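1. Need the 3D shape of this:
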Amino acid sequence: MATLSLGDGGGVDTLNGIANYLSNGGKAATVLSASVIGLITSPFIAIVDIINAITQFATSPFEGAGESISSLFDGLLTAPAALIEAGSRISEDAIIAVFGETIAGILALPLTVGLALLSLYFLATFLDEEETGNLFPGLPFDVPVIGADEEATDDQ
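-> Modelled structure (predicted):
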């Protein structure tokens, strides 16, 4: 039995599809009824397409903003978390290498908490650091003639 295939719906494809259908024993009544149904439904399909285009035009900025915010949170949260995870795996391997698996399993939590608190202490100490000299970091005074002279800044 012949099947009616109109291709992508273009003019040439439609005419070729109808000609192939009729030449393979298809009925002209089927082509006529399909044409009438197509003429009746095409305005409704066009209206639906217009409404869909307007809706997509109105919502696409919000979808783009949502994707941008998602990418921002991935960059701010997921990437540092992956870095911390990689560092913890390296620390785990080092603890196992030094203490062995059994003792490392027992000491893993206290050592991890200790390392985290030590890291936070170093960060807080760095952020609370007073101004240093111009020769070596930590030197509390400027050495004359050497280094760049700068005016004191108020950190508070």
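
2. and the helix or strand residue 56 falls within, how far from the chain's centre?
-> If you go by DSSP states H and E, residue 56 is part of helix 28-73. Here helix 28-73 is found 27 Å from its chain centre; the criterion is Cα atoms, centre = their mean, to the nearest Å.

3. Name the residues of whichever helix or strand comes after that helix that are buried.
-> Going down the chain from helix 28-73, the next helix or strand is helix 79-99, by DSSP H and E. For helix 79-99, the neighbour count (16 or more other Cβ atoms under 10 Å) marks residue 95 as buried. Where C-beta positions appear, they are placed from N, C-alpha and C, glycine not excepted.

4. And for helix 79-99, what's in contact with it?
-> 104, 107, 108, 111, 112, 115 (Cβ atoms under 8 Å, 6 or more residues apart in numbering).

5. Buried ones among those residues?
-> 104, 108, 111.

6. quick check, nearest of those to residue 25?
-> residue 108 (78.9 Å; Cβ to Cβ).

7. what pLDDT does that closest one get?
-> Per-residue pLDDT puts residue 108 at 73.

8. Can you name the helix or strand that it falls in?
-> helix 101-127.

9. Tell me which other helices or strands that helix touches.
-> Here helix 101-127 touches helix 79-99, going by 3 or more Cβ pairs under 8 Å, 6 or more residues apart in numbering; DSSP states H and E.

10. Dump the helix it packs on to CSV, restricted to CA.
-> C-alpha atoms of helix 79-99 as CSV (Å, rounded to 0.1, in the frame of the first residue of the first chain):
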residue,chain,number,x,y,z
ALA,A,79,35.8,24.1,42.1
PRO,A,80,37.1,25.0,45.6
ALA,A,81,35.4,21.9,47.0
ALA,A,82,37.2,19.8,44.4
LEU,A,83,40.5,21.4,45.3
ILE,A,84,39.9,20.7,49.0
GLU,A,85,38.9,17.1,48.1
ALA,A,86,42.2,16.7,46.1
GLY,A,87,44.2,18.1,49.0
SER,A,88,42.5,15.8,51.5
ARG,A,89,43.3,12.8,49.3
ILE,A,90,46.9,13.8,49.2
SER,A,91,46.9,14.2,53.0
GLU,A,92,45.3,10.9,53.4
ASP,A,93,47.9,9.2,51.2
ALA,A,94,50.7,10.9,53.2
ILE,A,95,49.2,9.9,56.6
ILE,A,96,48.8,6.3,55.4
ALA,A,97,52.4,6.3,54.2
VAL,A,98,53.8,7.6,57.5
PHE,A,99,51.6,5.8,60.0
